[in-house]
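S.K.: only geometry, no sequence info:
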């Protein structure tokens, strides 16, 4: 729990939630609640007079980003990348914004929020320009976490493209492609819905977003669009990469079947000749001749060589 307040050109910080007794009427207060208890959420809701739906959303995880306007304040649920780069997934952040206070609730430590706190310490005037300007600065720090993930995905997919070319039949490559597609599907689902949330802020649908600050939100929307385009591009590359892998495996299998078929075709007449001379008829002239065995082998060899030469001429071998 951290309480960051800006008033009279002064920034103060506190971790004592019991000192927060009433809604601020001057300046701006940011309440960052990390793993809050139900009692803390109840007390916060009572002090800020939050709607029961808002109070419930602070305790209940949501699978989709959303934006709800209550006129006096509005609430946002967004998801940002979390965890390790090699295992990308999203963390949820609930944000409630009024004219004089901003509340953030999260169950995991969020790098973007820590960066926002550092920004407030270095540039306290970020909070001096109102909750709507401060929210845009916070969202900018949070959404910036998508770009390292996209860079990692681009590098990882590039390496996999090289692996698929060098090792076309590797099952490990197919397994890694499937893992990345699952991770990318989660990111895509988050970004697509989140794009609409930011679009609503940029279009001026929320009264608390002042007209002079809407250009910042439009710029933020363009940033989200770049993320969405990057995710779509990575997804398309993975689809092409998987198809390339499957085509190479299929071509390899066809090449093997071609060779096996040619050798089976070569041995087919030899098997026929061996079958003819293997019949147990009593009167077969060749069987009584001392040169019969060598003639049979020579004929088989001649047939095999003739077929190989024919296949070479047809460029089947």
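M.R.: Thanks, I have it. Quick caveat: nothing in here was measured; it's all calculated off a predicted structure. Numbering: from 1, shown residues only.

S.K.: how long is stretch 30-38 from one end to the other?
M.R.: 19 Å (C-alpha to C-alpha, to the nearest Å).

S.K.: what residues does it touch?
M.R.: 1-5, 20, 40-41, 44, 58-59, 101-107, 109, 113, 117, 120, 127, 134 (C-beta atoms under 8 Å, 6 or more residues apart in numbering). From N, CA and C alone the C-beta is placed, and that goes for glycine too.

S.K.: looking at the one helix or strand residue 308 maps to now, give me its mean pLDDT.
M.R.: Using DSSP states H and E, residue 308 falls within helix 292-313. What helix 292-313 shows for mean pLDDT is 85.

S.K.: can you check stretch 187-205 too?
M.R.: Here the average pLDDT along stretch 187-205 is 85.

S.K.: got the buried residues for that stretch?
M.R.: 187-191, 193-194, 197-202 (16 or more other C-beta atoms under 10 Å).

S.K.: check stretch 215-228 too.
M.R.: Buried-residue list, stretch 215-228, by 16+ other C-beta under 10 Å: 216-218, 220-221, 223-224, 227-228.

S.K.: and which of the residues you listed is nearest residue 70?
M.R.: residue 217 (18.9 Å; C-beta to C-beta).

S.K.: care to break this protein down by domain?
M.R.: 2-249, 253-313 (automatic domain parsing).

S.K.: deepest of those, which one?
M.R.: domain 2-249 (a mean of 17; mean count of other C-beta atoms under 10 Å).

S.K.: helix, strand or coil for residue 207?
M.R.: Assigned by DSSP: H, G, I helix; E, B strand; the rest coil, the conformation of residue 207 is coil.

S.K.: please tell me how far the closest residue in space to it that isn't next to it in sequence sits from residue 206.
M.R.: Of all residues not flanking residue 207 in the chain, residue 71 sits nearest, at 7.0 Å (C-beta to C-beta, 6 or more residues apart in numbering). Going from residue 71 to residue 206 by C-beta to C-beta, to the nearest Å gives 10 Å.

S.K.: in three-state terms, how would the most centrally placed residue in the chain be classified?
M.R.: Closest to where the C-alpha atoms of the chain average out (C-alpha atoms, centre = their mean) is residue 184, at 1.9 Å. Put simply, residue 184 is helix when judged by three-state DSSP.

S.K.: ok, now which ones touch it?
M.R.: Residue 184 neighbours (C-beta under 8 Å, 6+ apart): 88, 153, 231, 234-235, 238.

S.K.: residue 313: which of the residues you listed is nearest?
M.R.: Taking those together and measuring to residue 313 by C-beta to C-beta, the closest member is residue 238, at 43.2 Å.

S.K.: sec struct for that closest one, please.
M.R.: Criterion first, three-state DSSP; result for residue 238: helix.

S.K.: ok, and the closest non-adjacent residue to it?
M.R.: That would be residue 181: by C-beta to C-beta, 6+ apart, it lies 5.3 Å from residue 238.

S.K.: state the distance from the one you found to residue 165.
M.R.: In terms of C-beta to C-beta, residue 181 sits 19 Å off from residue 165.

S.K.: again with residue 43
M.R.: Taking C-beta to C-beta, one finds residue 43 at 60 Å from residue 165.

S.K.: same deal with residue 235?
M.R.: 20 Å.

S.K.: just residue 111 next, same as before
M.R.: Distance from residue 111 to residue 165, by C-beta to C-beta: 35 Å.

S.K.: with residue 303 instead?
M.R.: Distance from residue 303 to residue 165, by C-beta to C-beta: 41 Å.

S.K.: before we move on, the earlier item: now, which of the buried residues of stretch 187-205 sits nearest residue 255?
M.R.: residue 188 (36.1 Å).

S.K.: that closest one is in contact with residue 231, isn't it?
M.R.: Yes. Counting by C-beta atoms under 8 Å, residue 231 is a contact partner of residue 188 at 4.9 Å.

S.K.: just to be sure, residue 76 is in a strand?
M.R.: Yes. Judged by three-state DSSP, residue 76 forms part of a strand.

S.K.: enumerate every residue touching the residue nearest to it when sequence neighbours are not counted.
M.R.: Counting by C-beta to C-beta, 6+ apart, residue 95 is the residue found nearest to residue 76 once chain neighbours are left out, at 4.5 Å. By C-beta under 8 Å, 6+ apart, the residues touching residue 95 are 75-78, 102-105, 135, 138.
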